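Sequence first, then the predicted structure, then my questions.
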Amino acid sequence: MTCEPQVVVVPTGTANLASVRAGLERAGAAVRLARSAAEVRTAPRVVLPGVGAFARAMERLEADGTGAALGERIAAGTPLLAICLGLQLLTEGSDESPGVPGLGAVPGTAIRFPGSVPVPQLGWNLITPDRDCTLLEPGHAYFANSYRLERAPAGWRCAHADHGGRFVAALERGGVLACQFHPELSGGWGIALLQRWLGTGPQGGAAC
């Protein structure tokens, strides 16, 4: 018997939810939008997407208590996927919105790429994971970002990419996977990553 893993997507008010939903469904998930912070706290799997402004997304997360629920999931290592701006929202803040605190679950601040390279970074880039990564594998992923973490925080497994210098392309710890790139737009490599996070890949074993 097979089943579709249940995934709740957080509506930040800034994300392209259609492409995220389509990517997750291609990877074998059943997807719905979160209706409350309580649902974000208790759902088997949660996705925090993001395209848009840091301050606006944080305002939405804090207004309904979703930010606190996300913090609890990260502390517990409960399955959570953060995408693009979603990764930056996990940090202490962003140069995009000085004075606006992030969720603070990941040490560090998202800073802007240097002016010596095209900003935003739009297109494909090589992902190089650390040897101890369990979900992340080498490959090319699609990015659309102007800000990034420069250094991997302690306690997280990390994959890097290079654009005006090495930066954090993704982080993983327990069931938490945070990607600066867009796995849902990264072709077969990205769908395979989503399947590993969901447990719907060749090994199977996803819980209903």
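Now that the structure is in, tell me what you want to look at.

rest of the way, CA atoms for contacts and neighbours
Will do.

The most centrally placed residue in the chain: helix or strand, and which one exactly?
Nearest to the mean C-alpha position of the chain, counting by C-alpha atoms, centre = their mean, stands Ala82 at 2.0 Å. Ala82 belongs to strand 80-83 when assigned by DSSP states H and E.

buried sites along that strand?
The neighbour-count check on strand 80-83 (16 or more other C-alpha atoms under 10 Å) flags 80-83 as buried.

Just the residues contacting that strand, thanks.
For strand 80-83, the surrounding residues in contact (C-alpha atoms under 8 Å, 6 or more residues apart in numbering) are 45-50, 73-74, 175-183.

before we move on, back to that, I'd like the buried residues of strand 80-83 laid out as JSON lines, including pLDDT.
Listed next are the buried residues of strand 80-83 as JSON lines, based on pLDDT from 0 to 100:
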{"residue": "Leu80", "pLDDT": "98"}
{"residue": "Leu81", "pLDDT": "98"}
{"residue": "Ala82", "pLDDT": "97"}
{"residue": "Ile83", "pLDDT": "97"}
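
which of the residues you listed sit farthest apart?
Across those, the longest distance by C-alpha to C-alpha is 10.0 Å; it joins Leu80 and Ile83.

picking up where we left off before, I'd like to know which elements whichever helix or strand comes after the strand holding Ala82 is packed against.
Scanning forward in sequence from strand 80-83 by DSSP H and E, the next helix or strand is helix 85-89. If you count contacts as 3 or more C-alpha pairs under 8 Å, 6 or more residues apart in numbering; DSSP states H and E, helix 85-89 packs onto helix 54-63, strand 176-179.

What is the longest one packed up against?
The elements that helix 54-63 packs onto, with contact taken as 3+ C-alpha pairs under 8 Å, 6+ apart, are helix 66-76, helix 85-89.

got the angle for that helix vs helix 66-76?
With axes from the mean of the first three to the mean of the last three C-alpha atoms, to 10 degrees as the basis, helix 54-63 and helix 66-76 are set at 90 degrees to each other.

What lies in contact with helix 54-63?
So helix 54-63 is contacted by 12-14, 50, 67-68, 85, 88-89, 94, 96-97, 100, 102 (C-alpha under 8 Å, 6+ apart).

Please export the C-alpha coordinates of it as CSV.
The C-alpha trace of helix 54-63 is given here as CSV (Å, rounded to 0.1, in the frame of the first residue of the first chain):
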residue,chain,number,x,y,z
PHE,A,54,11.6,40.0,4.1
ALA,A,55,9.8,42.5,6.2
ARG,A,56,6.4,41.8,4.7
ALA,A,57,6.7,38.1,5.1
MET,A,58,7.9,38.4,8.7
GLU,A,59,4.9,40.7,9.5
ARG,A,60,2.6,38.0,8.2
LEU,A,61,4.3,35.2,10.2
GLU,A,62,4.3,37.2,13.4
ALA,A,63,0.7,38.5,13.1
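
from the chain's centre, how far out does that helix sit?
16 Å (C-alpha atoms, centre = their mean, to the nearest Å).

Just list the residues touching Glu72, thanks.
By C-alpha under 8 Å, 6+ apart, the contact set of Glu72 is Arg41.

That'll do, ta.
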